Structure formats: C-alpha cells, structure tokens
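J.: Could you look at this predicted model? Sequence included:
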Amino acid sequence: MIKEKSLKQVLTKMFRNGTAKKTIQDIYRFIRKSELSELRFQNPNYLAIHLNISRVEMLNMVVNGVLHGLFEMQWDVSCPHCGTIAEHTHVLGEVHEHNFCQSCQVDFDSFADQNILLSVSIHPDLFTEVLPDQILTRKKDDRVQPVSALELIGIPAFNEHFASQIPPLDHSVKIRSATLMFSDLIQSTQLYTQIGDIKAYTFVKQHFDILFTEILNHSGGIIKTIGDAVMAVFTDSVEALVVSLQIKDAVKQLLQDNHLEDEYGLRVSISSGPALVVNMNDQIDLFGSMVNRAARLVGFSSKETIAISEEIMSQPKVQHFLSEQHIMAQNLNKPLKGFPGLNSLFLLRKS
C-alpha cells in the first residue's frame with residue numbers, strides 16, 4: 001500500500017516546484033487506483049496519455065518527480081530484435097556500450113536514440129511494504145512509443161539536474177542517428193551597438209523564448225546555447241524543418257515589432273548522422289563529425305534560407321515535405337573547414 005501522508009507531502013513539493021495543480025491531482029488519483037504492476041517500470045508516455053498532458057509537461061514532471069521523491073528513474077536497454085530488456089540501471093552513464101540478449105542469443109549495441117529507454121517507478125519509500133524483486137525477463141512497453149534517452153537529454157531541467165549521469169568523452173553514450181539544428185542571430189554584435197545593451201539583451205532573450213518553445217513543442221531538445229546561438233537535437237528531420245521555418249518567421253516578426261533594419265535575421269542549419277553524448281564541465285554536450293558539419297553549415301544560411309546537409313536532403317520524407325510546402329532547394333558544393341574537398345549542401349527557400 002501507498003503511504004498516504006508521504007505521497008501528499010511529495011506531491012505538494014512538486015506543485016511548489018512548478019507541476020500544474022491539475023496534473024498533481026491526476027497523478028494522485030492514478031497512483032491511488034492503480035495496481036502495483038502499473039506503478040513500476042512504467043513508460044512515461046503511457047502516463048502522459050492517462051494524465052492528458054503534453055510530452056514536454058510529462059518529461060518535466062518526471063524530472064520534478066525524481067527530484068522530490070515521487071519517481072525512481074530507470075534506463076532500460078532493449079534488444080532491437082525482440083524487445084527484451086537486456087540491461088537495467090538507474091544511472092545513464094552506467095549503460096554498457098555493448099549488450100547481449102539472452103532471448104535471442106545475440107550481441108547488440110546500445111544507442112541513446114534507439115534502444116536506451118526511460119522507465120519510471122513510484123519510489124519504494126512511498127510503499128508501506130518492501131517491494132518484490134525486479135522481474136528480470138520483461139519486454140519494452142509497446143503500447144505507446146517509448147521515451148528514448150535522447151529525448152530526455154534535450155530537456156533543460158534534466159540537463160540542469162542530471163548532467164552528472166552522462167559520462168565523459170572516453171565513456172560517451174552513442175547516438176545512432178540524430179538530427180541536429182544550429183541557429184545564429186545575424187549581426188547580433190551590431191545589434192547591441194545600434195539599440196543599446198538593455199534593449200538588445202531583451203531582444204535576444206525574447207528570441208531564445210521563441211526558439212525554446214518551438215523546439216520543445218516539436219519533439220526537439222535543447223543541448224546548449226553558445227552566445228546567441230542555439231544547438232538543438234531532434235529525432236525526426238521533418239520536425240526540425242518545421243521548427244526552422246517557424247522560428248525564422250517568428251524572429252522576422254520580432255525584428256519588425258522592434259523596428260529593426262532588414263540586415264538582421266536568423267541563420268539556421270540542419271544536419272543528421274551519428275554522434276556521441278558526453279559530459280563537458282557538468283553540462284550535456286554532443287560530439288562528432290556530424291555536429292561539426294552542422295555548425296559549419298549555418299554560415300551558408302541567410303535570413304531567407306535554411307542550409308541542410310545532403311543526408312537530410314536524401315530522405316524521402318524530407319523531399320515530400322519540401323514539395324508539399326513549395327520549398328525550393330538549391331544544391332551547392334562548398335568547402336567546409338575541417339572536411340576534405342567540396343561538400344554538397346542545399347539552401348532551402350520558400351517559393
């Protein structure tokens with residue numbers, strides 16, 4: 001049974017730390033009426049459906065719940081062949097790079113975007129009795145899409161409180177394929193000179209608010225900001241394109257609202273490929289040639305265009321989206337610093 005008083009105390013702390021009142025009430029009802037099996041190793045997306053909250057609300061609720069003792073966070077490494085959970089740990093940095101599935105009798109690798117999955121359990125301290133041992137043979141929850149480690153890594157609250165879970169570069173967590181977006185304000189240094197430090201700072205903050213909201217609402221994550229630039233990660237390339245178009249329009253409108261000249265705007269680049277998740281100075285970061293390529297590509301973008309890599313352009317779903325949205329793609333072959341020869345890239349422009 002659940003310790004009623006302890007549960008209410010935990011939920012009160014979560015409410016004071018930002019979880020919505022209705023969500024708190026719905027969590028309480030869910031816990032009180034659920035069987036033990038529904039309170040352990042739960043797919044957070046299943047909870048989001050029951051609580052009728054968005055993906056971003058759910059992930060922030062999970063982080064808040066772990067911080068205040070409602071949840072235990074677990075990382076399940078599933079076999080890509082049969083879905084059996086081959087490894088289970090409470091710390092992301094303890095996930096092994098290589099695993100073995102007892103059911104399939106095959107070796108496989110662990111990837112943050114593919115088979116390192118988040119599950120949550122109601123904290124054992126909230127039960128009046130000692131819980132039975134973990135069931136060793138279980139499969140990933142396929143009732144709804146599972147939450148990958150990559151999704152949670154991009155949530156600012158997770159980065160703030162749990163970056164220490166990510167190992168340093170020599171023990172990094174692998175990403176098989178992710179989509180990376182870089183943005184950069186054009187002439188931002190001149191902006192401070194033109195309108196003054198206070199107004200320019202306010203503008204940059206408003207621009208960050210726009211980008212963060214759109215990125216998180218389209219299944220993306222914020223990895224870091226570098227000055228006035230943003231580095232974001234997505235599991236879906238089309239979502240990255242949708243966000244890129246929306247944030248360019250929104251920043252353009254923000255510039256007009258502030259009566260700023262036409263020379264300002266937002267550069268955006270998108271690339272995809274493998275990468276490594278690392279802990280750099282207690283902050284989550286991504287490393288790899290794909291990351292470097294995306295950072296180089298942003299320099300070819302303008303306030304009217306988006307620069308994308310050949311890997312993005314080659315995806316059929318991207319080509320379908322561009323055709324559907326009447327977006328033109330201009331192919332260029334350009335040298336990129338640190339990359340040999342000429343590199344194929346595409347500039348996207350609304351027709």
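T.: Everything's here; your move.
J.: hang on, residue 344 in a helix?
T.: No: with DSSP: H, G, I helix; E, B strand; the rest coil as the criterion, residue 344 is strand rather than part of a helix.
J.: who are the neighbours in contact with the closest residue to it other than its chain neighbours?
T.: Nearest residue to residue 344, sequence neighbours excluded (Cβ to Cβ, 6 or more residues apart in numbering): residue 310, at 4.3 Å. For glycine as for every other residue, the C-beta is placed from the backbone atoms N, C-alpha and C. By Cβ atoms under 8 Å, 6 or more residues apart in numbering, the contact set of residue 310 is 343, 344, 345, 346.
J.: ChimeraX command to pick out the buried ones of those?
T.: Of these, the buried ones go into a single ChimeraX selection, burial set by 16 or more other Cβ atoms under 10 Å:
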select :343,345,346
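J.: which of the residues in the lowest-mean-pLDDT helix or strand in the chain are buried?
T.: Ranking every helix and strand in the chain by mean pLDDT, DSSP states H and E puts helix 188-195 at the bottom, with a mean of 84. Neighbour-count burial for helix 188-195, counted by 16+ other Cβ under 10 Å, picks out 188, 191, 192, 195.
J.: returning to that earlier point: return the member of the contacts of residue 310 nearest to residue 326.
T.: residue 346 (15.5 Å; Cβ to Cβ).
J.: Okay, that closest one and residue 311: tell me how far apart.
T.: The gap separating residue 346 from residue 311 is 11 Å, by Cβ to Cβ, to the nearest Å.
J.: Measure how buried residue 206 is and give me the count.
T.: 15 (other Cβ atoms under 10 Å).
J.: name the element it belongs to?
T.: Per DSSP states H and E: residue 206 is located in helix 197-217.
J.: Which elements pack onto that helix?
T.: Judged by 3 or more Cβ pairs under 8 Å, 6 or more residues apart in numbering; DSSP states H and E, the packing partners of helix 197-217 are strand 173-186, helix 188-195, strand 220-226, strand 229-234, helix 237-257.
J.: quick one: contacts of that helix?
T.: 54, 56, 154-156, 181, 183, 185, 188, 191-192, 194-195, 221-222, 225, 228, 230, 232, 243, 246-247, 250-251, 254, 258, 260, 266.
J.: hmm, 7 Å instead?
T.: 56, 183, 185, 191-192, 222, 225, 228, 230, 232, 243, 246-247, 250-251, 254, 258 (Cβ atoms under 7 Å, 6 or more residues apart in numbering).
J.: Give me the distance from it to the chain's centre.
T.: From the chain centre to the centre of helix 197-217 is a distance of 18 Å (Cα atoms, centre = their mean, to the nearest Å).
J.: Of all the residues in it, which ones are buried?
T.: 200, 203, 204, 207, 208, 210, 211, 212, 214, 215, 216.
J.: Repeat that for stretch 306-318.
T.: 306, 307, 308, 309, 311, 312, 313, 315, 318.
J.: Look at the third one and report its pLDDT.
T.: The confidence metric pLDDT takes the value 95 at residue 308.
J.: right, and the secondary structure at it would be what?
T.: strand.
J.: which residues touch it?
T.: When contacts are counted by Cβ under 7 Å, 6+ apart, residue 308 is found next to 269, 270, 345, 346, 348.
J.: Please tell me how far the third one sits from residue 82.
T.: The reference is to residue 345. Distance from residue 345 to residue 82, counting by Cβ to Cβ: 40 Å.
J.: phi, psi of residue 2?
T.: Dihedral pair for residue 2: phi -90, psi 140, per degrees, to the nearest 10.
J.: How far does stretch 163-170 sit from its chain's centre?
T.: That offset, for stretch 163-170, works out to 17 Å (Cα atoms, centre = their mean).
J.: buried ones in that stretch?
T.: Those would be 163, 165, 166, 167, for stretch 163-170 by 16+ other Cβ under 10 Å.
J.: want to try a markdown table for these, with pLDDT, distance to residue 111 and secondary structure as columns?
T.: Listed next are these as a markdown table, based on pLDDT from 0 to 100; distance: Cβ to Cβ, whole Å; DSSP: H, G, I helix; E, B strand; the rest coil:
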| residue | pLDDT | distance to residue 111 | secondary structure |
| --- | --- | --- | --- |
| 163 | 87 | 20 | helix |
| 165 | 83 | 16 | helix |
| 166 | 83 | 15 | coil |
| 167 | 75 | 15 | coil |
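J.: between the buried residues of helix 197-217, which is nearest residue 7?
T.: Using Cβ to Cβ, residue 216 comes nearest to residue 7 of those, at 28.6 Å.
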